[in-house]
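[1] Show me how the following folds:
(one chain, ligands or ions: 3)
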Amino acid sequence: MTTVFVVNTGSSSIKYQLIDLDAERPLASGLLERVGEPGSGIPDHESGLRAILADLDPGIEIAAVGHRVVHGGDRFSGPTVIDEAVVQAIEDVSVLAPLHNPANLAGIRAARAALPDVPHVAIFDTAFHATLPPAAYTYAIDANLAAEHRIRRYGFHGTSHKYVSERAAELIGRPIEELRIIVLHLGNGASATAVRGGISIDTSMGMTPAQGLVMGTRSGDIDPAVLVHLHRVAGLDVDQLDELVNRRSGLLGMTGTGDMRDVQAAAAAGDEVAEAALAVYRHRIRHYIGAYVAQLGGLDALVFTAGVGENNVPLRRRVLAGLEFFGIRVDDDRNELASKVPRFISPDDAPVAVLVIPTNEELEIARQTASVLAG
Ligand SMILES: Nc1ncnc2c1ncn2[C@@H]1O[C@H](COP(=O)(O)OP(=O)(O)O)[C@@H](O)[C@H]1O
Ligand SMILES: CC(=O)OP(=O)(O)O
Ligand SMILES: [Mg+2]
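    Residues are numbered from 1 along each chain as shown. Ligands and ions are numbered 1, 2, ... in the order given. The predicted structure is shown next:
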């Protein structure tokens with residue numbers, strides 16, 4: 001039995017799974033939330049992970065540890081065995097993913113200390129987007145400055161976009177090489193990706209995970225001059241602007257809460273501020289659907305995944321309404337079915353397959369971790 005321990009550290013959480021790869025089945029799994037918050041009893045990621053590892057069944061032999069790492073810069077386009085140089089490279093780009101890479105590194109440090117004799121492998125969110133063409137990844141700014149500071153679109157949630165687009169092809173029953181797919185990963189962070197023939201050709205997140213869709217606390221797309229303007233007229237300094245864009249914007253900034261469940265409940269109870277925020281959230285998603293249909297030259301499948309995408313029925317309905325001219329149709333009964341199983345929500349005879357597919361970043365990380373060891 002090949003068993004891989006998978007660590008997925010978020011900005012305030014630690015998800016872990018012990019996966020039996022022969023059966024592709026979790027033997028143990030769990031989630032620690034509110035890491036670092038006063039009163040949570042978990043002061044930081046390192047001590048949280050130490051406690052998790054101490055609780056594992058010592059009878060199970062772990063072959064390797066797979067770590068989700070959000071930003072790999074332009075150094076990594078595939079799964080990578082972690083050594084000191086790799087740790088340093090992850091640290092070097094931490095400033096580009098301030099909510100994520102420092103937590104990922106804390107997880108790596110704790111797990112390497114607890115399991116020093118097994119290989120640790122980094123699986124980067126950016127890796128799947130290494131195929132982006134220059135036209136999609138280049139920002140139209142001073143080329144020398146961009147080259148010197150490696151300013152470009154990298155894209156994120158790649159492990160999820162890869163897993164979900166491959167699952168979609170399996171469910172549709174056609175080779176992925178033939179398919180044009182849009183994946184909407186709508187979680188706390190959110191991104192859209194255009195996948196043609198199994199390859200990422202465009203994605204909504206940018207140099208950092210702040211660009212693109214409206215998120216829990218991140219603004220997504222914004223006129224870059226807004227930040228300059230706020231500096232000039234409101235005196236916000238760089239740290240305050242960073243805080244604004246990454247932690248005080250998105251649903252939180254517009255409504256006072258960053259959790260979609262709360263925003264949806266408030267809107268359902270007639271709260272106009274929440275309703276208006278949902279309209280912005282929906283508008284931005286539809287903007288990307290239209291853009292990616294154009295970039296893909298048509299559409300075979302549209303897939304919803306992650307916390308919001310998998311669970312929020314009214315949001316899916318409102319995102320999809322009025323897109324029949326793209327061949328996008330919804331079966332309301334299928335859309336309303338609450339289920340954890342991958343499924344179609346379009347009618348069988350619709351030109352575009354619309355699916356809800358629960359993401360499984362942990363399984364994909366375990367597979368890629370094992371592949372690097374086998375290779
Ligand atoms: N049952 C649900 N109904 C509606 N929204 C949900 C549900 N479960 C989770 N969400 C929303 O999904 C988001 C979190 O998504 P998730 O993929 O778990 O985030 P992350 O992995 O980025 O931390 C939150 O906004 C949460 O409100
Ligand atoms: C990259 C990113 O935004 O990740 P998450 O959705 O887990 O915050
Ligand atoms: Mg996530």
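[2] When you work out contacts or count neighbours from here on, use the C-alpha atoms and nothing else.
    Noted.
[3] From Leu213, how far out is the residue in the stretch 101-250 of the chain that ligand 1 sits nearest to?
    Across the stretch 101-250 of the chain, no residue is closer to ligand 1 than Gly187, which sits at 3.3 Å (C-alpha to the nearest ligand atom). Distance of Gly187 to Leu213, given as C-alpha to C-alpha, to the nearest Å: 11 Å.
[4] one step back: gap between the residue of the stretch 101-250 of the chain closest to ligand 1 and ligand 2?
    6 Å (C-alpha to the nearest ligand atom, to the nearest Å).
[5] Thought Gly307 was touching that residue, still the case?
    Yes: between Gly187 and Gly307 there is a contact under C-alpha atoms under 8 Å: 4.8 Å.
[6] Around Ser160, how many other residues sit close by?
    Neighbours of Ser160 under the rule other C-alpha atoms under 10 Å: 25.
[7] May I have the residues that are in contact with the nearest residue in space to Thr3 that is not next to it in sequence?
    Among residues not flanking Thr3 along the chain, Asp20 sits closest, at 4.6 Å (C-alpha to C-alpha, 6 or more residues apart in numbering). Contacts of Asp20 were listed using C-alpha atoms under 8 Å, 6 or more residues apart in numbering, and they are Met1, Thr2, Thr3, Val4, Pro26, Leu27.
[8] Model confidence at the residue of the stretch 101-250 of the chain closest to ligand 1, what's the number?
    pLDDT, Gly187: 94.
[9] Tally up the residues packed near the residue in the stretch 1-150 of the chain positioned nearest to ligand 1, please.
    Nearest residue of the stretch 1-150 of the chain to ligand 1 (C-alpha to the nearest ligand atom) works out as Gly10 at 6.6 Å. Other residues near Gly10 number 22, with proximity taken as other C-alpha under 10 Å.
[10] Surely it and Leu105 touch.
    No: the criterion here is C-alpha under 8 Å, and Gly10 misses it with Leu105 at 10.8 Å.
[11] rewinding a little: in strands, which of the contacts of Asp20 fall?
    Among those, DSSP state E puts Thr3, Val4, Pro26, Leu27 in strands.
[12] If you rank those by neighbours, which is first?
    Counting neighbours by other C-alpha under 10 Å, Val4 comes out on top of the ones in strands among the contacts of Asp20 with 27 neighbours.
[13] how about the helices of the stretch 151-300 of the chain, start to end?
    Taking DSSP state H, counting those that start in this stretch, the helices of the stretch 151-300 of the chain run over residues 158-172, 224-234, 238-247, 250-255, 260-268, 272-296.
[14] possible to save those helices as CSV with mean pLDDT?
    Putting the helices of the stretch 151-300 of the chain into CSV (pLDDT from 0 to 100) gives the following:
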stretch, mean pLDDT
helix 158-172, 98
helix 224-234, 98
helix 238-247, 96
helix 250-255, 98
helix 260-268, 97
helix 272-296, 98
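[15] what's the closest non-adjacent residue to the residue in the chain positioned nearest to ligand 2?
    Using C-alpha to the nearest ligand atom, the closest approach of the chain to ligand 2 is made by Gly189 at 3.2 Å. The spatial neighbour of Gly189 that comes closest, neighbours along the chain excluded (C-alpha to C-alpha, 6+ apart), is Met215 at 5.4 Å.
[16] how close does the one you found sit to Ala291?
    From Met215 to Ala291 the distance is 19 Å (C-alpha to C-alpha).
[17] try Arg150
    25 Å.
[18] Please apply the same query to Asp74.
    Asp74 is 25 Å from Ala291, by C-alpha to C-alpha.
[19] Check whether Ser346 sits in a helix, strand or coil.
    With DSSP: H, G, I helix; E, B strand; the rest coil as the basis, Ser346 sits in coil.
[20] where's Ala23 relative to Met1, distance?
    From Ala23 to Met1 the distance is 9 Å (C-alpha to C-alpha).
[21] next one: Gly307
    Applying C-alpha to C-alpha to Gly307 and Met1 gives a distance of 31 Å.
[22] Also Val356?
    According to C-alpha to C-alpha, Val356 and Met1 sit 31 Å apart.
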